[in-house]
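In: give me the fold of what follows.
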Amino acid sequence: ETTFPAHPKQPPNPKDPNPQPRLSIRNTAIKFLLDQTLGAAVNTLLFSTYTHALRAALHPAPVITSLPKAIYFWTQPGTLDFSRVDWSVVWEAAKADFYPLVAAGWKLWPAVSLVNFAAVKTVEGRNLVGALAGVVWGIYMSMVAAQ
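Out: This next block holds a predicted model:
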């Protein structure tokens with residue numbers, strides 16, 4: 001935010017004691033483009049790689065209907081064994097998922113980014129908006145990962 005502030009401070013004006021910072025279209029566009037290109041690519045690849053590696057490392061899970069049994073299962077040695085993971089297969093699966101996931105993300109994240117960068121003025125507020133959108137996205141991605 002300090003490098004590309006969305007609302008840069010204006011020089012003091014004696015006629016207006018409380019000037020409202022104006023939106024910097026240039027800085028907002030830079031942040032939006034970085035978020036929707038580099039940010040989207042990195043986050044999508046990390047999510048997809050993590051999901052496929054976790055599936056490959058997970059010992060076949062029985063159907064568990066009680067919390068104590070689930071805790072017991074997850075705390076046993078060998079439940080997750082990353083030596084079982086074939087990383088070339090994981091990487092190929094992550095690459096195959098990339099474009100569908102990015103395309104799905106373009107239905108939500110551009111709007112969130114524009115609202116965050118243009119309308120929300122505090123970093124704390126942006127964190128809240130991003131976290132709330134992340135909850136919605138996380139639910140969607142969990143449903144995708146469960147298929």
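In: distance check, the residue most central in space within the chain against Asp81.
Out: Among the residues of the chain, Asn43 comes closest to the average C-alpha position under CA atoms, centre = their mean, at 5.8 Å. Asn43 sits at a distance of 26 Å from Asp81 (criterion: CB to CB, to the nearest Å). Quick note: C-beta positions are derived from backbone N, CA and C, even for glycine.
In: picking that back up, for the residue nearest to the centre of the chain, give me the pLDDT.
Out: Each residue has a pLDDT score; the one for Asn43 is 93.
In: equivalent analysis for Thr28, please.
Out: The predicted local confidence for Thr28 comes out at a pLDDT of 86.
In: my guess is it contacts Ala118, does it?
Out: Yes - in this structure Thr28 lies within contact range of Ala118 using CB atoms under 8 Å: 5.6 Å.
In: between the two, which one's more packed in?
Out: Neighbours were counted for Thr28 and for Ala118 using other CB atoms under 10 Å; Thr28 has more, 19 against 16.
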